[in-house]
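A.B. asks: Quick one: sequence plus predicted model below, questions after.
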Amino acid sequence: MLNSKLLEVRGLRTYFQTDDGLVKAVDGISFELQRGETLGIVGESGSGKSVTNLSIIRLIQEPPGRIVAGEVIFKGQDILLLPPEAVRKIRGRRIAMIFQDPMTSLNPFMKISKQLMEMTELHLGHTKAQAYEHAIRMLETVGIPDARARANSYPHEFSGGMRQRVMIAMALSCEPELLIADEPTTALDVTIQAQILELIKKLKQKTETSVILITHDLGVVAGMTDHVIVMYAGKIFEQARTKELFASPGNPYTKGLLRSVPDPTAEQGKLYQIPGLPPDVAHLKPGCPFADRCERVAEICRREFPPFVQLTSDHHSLCHFANEVYAESVNAKRP
Amino acid sequence: MEPEIKIGPEEAVAEDMHADAGEFVQGTSLWRDAWRRLLKNKLAVFGLIVVIVITAASIVGPSVIKRVFGFTPDYIPTNNIQLVRSFPPFKGPNGEFSWQHPMGTDNAGRDQLARVLQGGQISLFVGIIATLVSLIIGVSYGAIAGYVGGRVDNLMMRLVDVLYSLPYVIVVIVLLSMFRSQTPRGQLTLLFVALGSVSWLTMARIVRGQVLSLKNQEFVLAARATGVSAPRIIFRHLVPNTLGPVIVYATLTIPQVMLTEAFLSFLGLGVQAPLASWGSLAADGVQNIAIFPWQLIFPGVTMALTLFSLNFLGDGLRDALDPQMRTT
């Protein structure tokens, strides 16, 4: 089963109609995900990471949002063409999601057990008793101590890390083939973050689930993923195997991101930051959306939209100078 | 239960917290909290007790009186024909002290206490039925409008606006006089329909507002992402989250509806003899206020007490269920 295509996204475009004009939140995204692999999607806030993933399971609020073009082929079926009822059967059963803020993603008025039971009653046709036992088993799997007694608590009686564990238990309770984790650790402190990531990693190996991990934490990406997509202004700026991307980035934006990771070995000095702010995607100028913030901006960047350059067999970069940037990174590695 | 020697202070604290959490494992602490806050509010407790006492008395009262004294609320004595049949409280037919009619009798000689209690049955019943209607229709209507949103929401809420803008007392009066029923029971049913049909509007608005703010929370997105259907999200995830305001408003709707019922009955459009409600009793009493004041005082005071109590209880519930709203 390994190395077979599970998900293929082609030319996905999701636009939002706002008072401020048409916001092209996701503008032509394509990627593939193999079974058992982990894909990381990184980018600053507002770069379209979450919208991409909400589009995959068609959870974009319409209106104002609309998926205007593209295909999301999951196991040979284009999800975007399925009737809503069929999509609903995929959600949670085949593609599950974990959200950013465990504090708000559980229903405060429902017992933990009930929320877990809902999943399997819905998708696996469990009876109440079966679902209850399954819920407790899932809670044990994700490491909730004393799961049987805890199952009847309400979410507010759990800490943030515990709630995220519950969310993971919920997401994995139907053994989905794809798990989309939308910044699963952003709201947690660092120690809990490591635990949660370790848990996702462990469960992923056990169940051979594919994972899409959305984050803005490059450290997380390095430790968890096989492939990385760097998004900026609704576009893929760079796409490569994780090791390759970290070793030899082929895009000035990626380089900037990598440089802005704090280096604990550095004696002192200012933290690097990419100058400026992400552009307003409702009013994009022609040319490269990163041009105003780019270190090696040239005249062409402001005039023409950059090409998506293939650097190696599975390394692409959206930049007029992709080859040069890539060569620099490769050469910098050499002694 | 003695902690082991090895446990450091931090771990001991953690242990304590765990024990604390253990107590709450059974859940419901949310409602228990609210209940505790409610019990601290003296006025609300007073209201709760009065409401319970009056409700219980209204339910069992008439049958107890029948068993003890042998007359029903609509019993008109035939043996002792006198010119004046309306006796003051605690007075028998010949002016002697008697336990038979603690609230006196009305013009026809019917026992006031029995009638007030039976009137209570009907008044409370009207209030509860209309509130149930507002709960069922209002909550579903508002929740659906809020969740679906967009054009549907717009359409549904404009309908509510239209119904709101009608002077509903006049609508009810027209409704009641157009379909005037011959039997008292038929008239009562009509009253229920009339009051129920307007009582859900505010509830629909309140619930819609709640749902609008709730539906953008992440747990709704999470529920949608797990493939839960829209009706299930509305009724299992959203509606329970609106319960606080809904309960509060429902408690405040009961006195409001009772007051309307009393008003209509007072005008002679509502409950008709031989059935009685507090409104119709007061209407009868007003006619004789100079000579037989007890005919007005007892139903009036009972009604006022009940309405006060329900309002106190409603306010108390609001404070208890929504501590952030508290002003003190």
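C.D. replies: Perfect, I can see it now.

A.B. asks: Can you confirm whether stretch A:213-233 lies near chain B?
C.D. replies: No. Judged by Cβ under 8 Å from any Cβ of the partner chain, stretch A:213-233 and chain B are separated, with a smallest distance of 13.4 Å. Every C-beta, even on glycine, is put in place using the N, C-alpha and C of the backbone.

A.B. asks: got the end-to-end distance for stretch A:151-169?
C.D. replies: 12 Å (Cα to Cα, to the nearest Å).

A.B. asks: cool, stretch A:302-322 as well?
C.D. replies: 16 Å.

A.B. asks: For it, the averaged confidence score.
C.D. replies: Mean pLDDT, stretch A:302-322: 86.

A.B. asks: Ok, stretch A:242-250 next?
C.D. replies: Averaging pLDDT along stretch A:242-250 gives 87.

A.B. asks: for chain A, what are the nearby residues on the stretch 201-328 of chain B?
C.D. replies: Residues of the stretch 201-328 of chain B lying close to chain A (Cβ under 8 Å from any Cβ) are B:217-219, B:221-229, B:236-237, B:240-241, B:243.

A.B. asks: Quick one: the strands in the stretch 201-335 of chain A, in order.
C.D. replies: Along the stretch 201-335 of chain A, counting by DSSP state E, counting those that start in this stretch, strands occupy A:210-215, A:227-232, A:235-241, A:308-312, A:315-318.

A.B. asks: ok, now which ones touch residue A:130?
C.D. replies: residue A:120 (Cβ atoms under 8 Å, 6 or more residues apart in numbering or on different chains).

A.B. asks: if you average pLDDT over whichever helix or strand residue A:22 is part of, what comes out?
C.D. replies: Here residue A:22, judged by DSSP states H and E, is contained in strand A:21-34. The average pLDDT for strand A:21-34 rounds to 86.

A.B. asks: repeat for stretch A:163-175
C.D. replies: 84.

A.B. asks: Where does pLDDT dip in the stretch 201-328 of chain B?
C.D. replies: Applying pLDDT under 70 to the stretch 201-328 of chain B flags the ranges B:273, B:322-328.

A.B. asks: In chain A, which residue is most central in space?
C.D. replies: residue A:214 (2.3 Å; Cα atoms, centre = their mean).

A.B. asks: Kindly report the same for chain B.
C.D. replies: residue B:254 (3.0 Å).

A.B. asks: Secondary structure class of the residue nearest to that residue when sequence neighbours are not counted, three-state.
C.D. replies: Nearest non-adjacent residue to residue B:254, counting by Cβ to Cβ, 6 or more residues apart in numbering or on different chains: residue B:127, 4.1 Å away. Following DSSP: H, G, I helix; E, B strand; the rest coil, we place residue B:127 in the helix state.

A.B. asks: Surely residue B:127 and residue B:252 touch.
C.D. replies: No. Residue B:127 lies out of contact with residue B:252 (Cβ atoms under 8 Å); the separation is 10.9 Å.

A.B. asks: who's more crowded, those two?
C.D. replies: The residue with more neighbours, out of residue B:127 and residue B:252, is residue B:127; 24 against 19, by other Cβ atoms under 10 Å in any protein chain shown.

A.B. asks: C-terminal to the helix or strand harbouring the residue nearest to the centre of chain B, what's the next element?
C.D. replies: Assigned by DSSP H and E, residue B:254 belongs to helix B:243-266. Moving toward the C-terminus from helix B:243-266, the next helix or strand (DSSP H and E) is helix B:278-287.
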